[in-house]
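>>> Structure here, sequence nowhere to be found:
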């Protein structure tokens, strides 16, 4: 029960940047997701959080959907959520790492290679190639 309340209060704060998009439907979806989790229905929570992340671009919802999808080994949903997370917080290395790992797990090797090439080129331009190679 404590887990439920901690998550309910942490997610809405992440909507501050997208406050125009937060209405009763979004709040209801977040509550429904957390209730589904309490009931042990993680897959429903993943679907709902992924929907919230898709509609709002909210990083907190996308990250939560990624984590929950990974917990039930739903790699395709985790990848969709991680891509939303990365798109809306391009500076978060956790999002980038999640996307790369999920490309590998889902067999999207071409996308993984393309992403690594882009990162290498960015590192070269910034002269951070040693950081990239570590």
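Now that the structure is in, tell me what you want to look at. This structure is a prediction, so every number in the text was calculated from the model and none was measured. Residues are numbered from 1 along each chain as shown.
>>> for this structure, what are the low-confidence residue spans?
1-21, 127-134 (pLDDT under 70).
>>> now the helices: where do they sit in it?
With helices called from DSSP state H, the chain shows them at 2-13, 24-38, 42-56, 59-71, 75-88, 93-105, 109-125, 129-133.
>>> Please tabulate those helices in CSV, including the columns mean neighbour count.
Where you see a C-beta, it was placed from the backbone N, CA and C, and this is true even at glycine. Below are those laid out as CSV (neighbours: other Cβ atoms under 10 Å):
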stretch, mean neighbour count
helix 2-13, 12
helix 24-38, 17
helix 42-56, 21
helix 59-71, 24
helix 75-88, 22
helix 93-105, 18
helix 109-125, 12
helix 129-133, 10
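>>> show me what contacts the nearest residue to residue 103 once chain neighbours are set aside?
Spatial nearest neighbour of residue 103, chain neighbours left out: residue 112 (3.9 Å); criterion: Cβ to Cβ, 6 or more residues apart in numbering. Applying Cβ atoms under 8 Å, 6 or more residues apart in numbering to residue 112 gives the contacts 100, 103, 104.
>>> For residue 125, state which of those is nearest.
Residue 125 has its nearest neighbour among those in residue 100, at 19.5 Å by Cβ to Cβ.
>>> how far away is that closest one from residue 113?
Noted for residue 100: a distance of 10 Å to residue 113, by Cβ to Cβ, to the nearest Å.
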